[in-house]
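> need a 3D model of the sequence below.
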Amino acid sequence: MNMNPMASAPAPSRPEGRPAAGPTLVMQGTSVATPSYRQFLEALGVPVYTTDATGHITFYNQAAVALWGRSPDVGEMWCGSWKLFWPNGTPMAHGHCPMAIALKERRSVRGYEGIAERPDGTRISFVPYPTVVMDEAGEMIGAVNVLVDVSDRRIAEDGLRTAIAVKDEFLGLVSHELRTPVTTILGNATLLAARKDVPEPLGSLLSDLGGEAERLAAVVENLLVLTRAGAPIDMDREPQVLDHVVRRGIVLFGRRHPQRETRLSGDLGGRIVDADRAYLDLVLGNLLGNANKYSPGQEPIDVVLDERDGSVEMRVLDRGIGFAPEEAEDLFTPFYRAESAKGMVSGLGIGLSACRLLIGLLGGRIWAAPRPGGGSEFGFSLPAAADPPD
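Model prediction:
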């Protein structure tokens, strides 16, 4: 007798795909839960129950009772749970539970997850492992199901998703609220500092104001990129002549940092990449700003353009503090900072991670490497588009 009121409910659609078939047990005799096996399963300490070939429960241990919150009658069908639900909360009919699927299709199944509701209303998330049992003649004599409680994992995952959503919403809100005023401050400070008739010390003050506003503007733009990680980023991709983009970026960088010598070498011959200009400028600005931040003022920054294997490359080379070779991959992790950098200048450690995200979306690759003789190399490559125009 099946005491479960959900046994006759219509089954929701099965999860996409067909779970991979699991192992099959072969046993002697005609019973799945022989006395020796009953003793073993009872002492196992994990929820286990068995059925005959028609789906009637023949045995369950006390760990299964603790999970179900009830002691079903021997002979109930498919499962001892009071009510069953799919992970999305829709009811799961007992006749369509993983154990029923295994017995009806004569195969062990994997890849399912469910929620069991106890008679007292509490719920528990579990992963079942129903395994069909065959006798020596190859006839199915029943099945064994092991139930793994994953409630704690589910709670942790839900909490993590909530925390990430709150964090993303907060960072997005802060970034959008800061973007307009910071851009206004940076633009006005740059215009005023460029005037020839600005007396000192006002000129130095404007230069400092512009530098800090530029740094804050880069932080805001990088935060906006990172808050969109995992969600579609709307890129306005158009053909870009990378030589022109890099030259213009170096000119703008030089205006803001006139004390820093920046040298460009290499020529791509007008090679085109399919990219979003604003995001390309952000990547270039991050790499140049990174080199400027961690290099002595008298050392030049070299920007090298190259082409190989159908891709165009840009490398930014400095003679700054460098980093250990084993840190190369970590540098692109959000909020990570190399040990050599922490005691030198302040920073959040988000610029390089934003660069990796954007270059990856453009189908390229980005890398970091310490330079022989000291300093760092940061570079990226992008697939070359059409042949350059005449």
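> tell me the confidence at residue 12?
pLDDT for residue 12: 37.
> remind me which residues of the chain are low pLDDT?
1-38, 167-168, 171-172, 174-176, 215, 227-234, 340, 342-347, 386-390 (pLDDT under 70).
> top strand in it by residue count?
For the chain, the strand that runs over the most residues, judged by DSSP state E, is strand 123-135.
> so what strands line up beside that one?
Taking DSSP bridges as the criterion, strand 123-135 sits next to strand 25-27 (parallel), strand 114-117 (antiparallel), strand 140-149 (antiparallel) in its sheet.
> with distance to residue 368 and mean neighbour count added, can I get those strands in TSV?
For the C-beta atoms, the positions are set from N, CA and C on the backbone; glycine is no exception. As requested, these are arranged in TSV below (distance: least, CB to CB, whole Å; neighbours: other CB atoms under 10 Å):
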stretch	distance to residue 368	mean neighbour count
strand 25-27	52	14
strand 114-117	45	21
strand 140-149	42	21
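> with distance to residue 187 added, can I get these in JSON lines?
JSON lines is the format used below for the strands paired with strand 123-135 (distance: least, CB to CB, whole Å):
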{"stretch": "strand 25-27", "distance to residue 187": "73"}
{"stretch": "strand 114-117", "distance to residue 187": "55"}
{"stretch": "strand 140-149", "distance to residue 187": "58"}
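> nearest residue to residue 291 other than its sequence neighbours?
residue 318 (3.9 Å; CB to CB, 6 or more residues apart in numbering).
> show me the helices in the stretch 101-250 of the chain, by range?
151-193, 202-227, 242-256 (DSSP state H, counting those that start in this stretch).
> nearest to residue 328, out of these?
helix 202-227 (19.6 Å; CB to CB).
> which other helices and strands contact the closest one?
Helices and strands touching helix 202-227, by 3 or more CB pairs under 8 Å, 6 or more residues apart in numbering; DSSP states H and E, are helix 151-193, helix 242-256, helix 277-293, helix 351-361.
> could I get those helices as a markdown table with mean neighbour count?
A markdown table is the format used below for those (neighbours: other CB atoms under 10 Å):
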| stretch | mean neighbour count |
| --- | --- |
| helix 151-193 | 13 |
| helix 242-256 | 17 |
| helix 277-293 | 21 |
| helix 351-361 | 22 |
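> and stretch 95-111, end to end?
Its start and end residues considered, stretch 95-111 measures 18 Å (CA to CA, to the nearest Å).
> for it, the distance to its chain's centre please.
Centre-to-centre, stretch 95-111 and its host chain are 32 Å apart (CA atoms, centre = their mean, to the nearest Å).
> buried set for it?
Within stretch 95-111, the residues that count as buried by 16 or more other CB atoms under 10 Å are 95-103, 107-110.
> nearest to residue 170, of these?
residue 110 (39.1 Å).
> distance of that closest one from residue 155?
As for residue 110, its distance to residue 155 is 23 Å (criterion: CB to CB, to the nearest Å).
> and residue 246, how far from residue 240?
Distance from residue 246 to residue 240, by CB to CB: 10 Å.
> what's the answer for residue 363, then?
Counting by CB to CB - residue 363 and residue 240 are separated by 14 Å.
> more neighbours: which of the two?
residue 240 (19 against 13; other CB atoms under 10 Å).
> now the more buried one: closest residue in space that isn't a chain neighbour?
Once flanking residues are discounted, residue 240 sits nearest to residue 275: 5.0 Å by CB to CB, 6+ apart.
> doesn't that neighbour lie inside a strand?
Yes: using DSSP: H, G, I helix; E, B strand; the rest coil, the secondary structure at residue 275 is a strand.
> what about it, how many neighbours?
27.
> again, but for residue 150
Close neighbours of residue 150, defined as other CB under 10 Å, add up to 16.
> ok, now which ones touch it?
Residues in contact with residue 150 (CB atoms under 8 Å, 6 or more residues apart in numbering) are 113, 125, 126, 127.
> my read is that the third one contacts residue 152, right?
No: with contact taken as CB atoms under 8 Å, residue 126 and residue 152 are classed as non-touching, separated by 11.6 Å.
> re the thing from before, tell me who's in contact with the residue nearest to residue 240.
Residue 275 neighbours (CB under 8 Å, 6+ apart): 235, 237, 238, 240, 362, 382.
> taking those one by one, which sit in strands?
Filtering the contacts of residue 275 for strands - DSSP E - leaves 237, 238, 240, 382.
> coming back round to it: wait, which of the helices of the stretch 101-250 of the chain is closest to residue 368?
helix 202-227 (16.4 Å).
> quick one: buried residues of that closest one?
203, 206-207, 209-211, 213-227.
> give me the three-state assignment for residue 258.
coil.
> for the remainder of this discussion, apply numbering that starts at 22.
Will do, 22 is the new start, and the previous item becomes residue 279.
> what about it, how many neighbours?
With other CB under 10 Å as criterion, residue 279 counts 9.
> what residues are up against the closest residue to residue 398 other than its chain neighbours?
Distances taken as CB to CB, 6+ apart place residue 390 nearest to residue 398, at 4.8 Å, with adjacent residues excluded. Residue 390 sits next to 346, 349, 397, 398 when contact means CB under 8 Å, 6+ apart.
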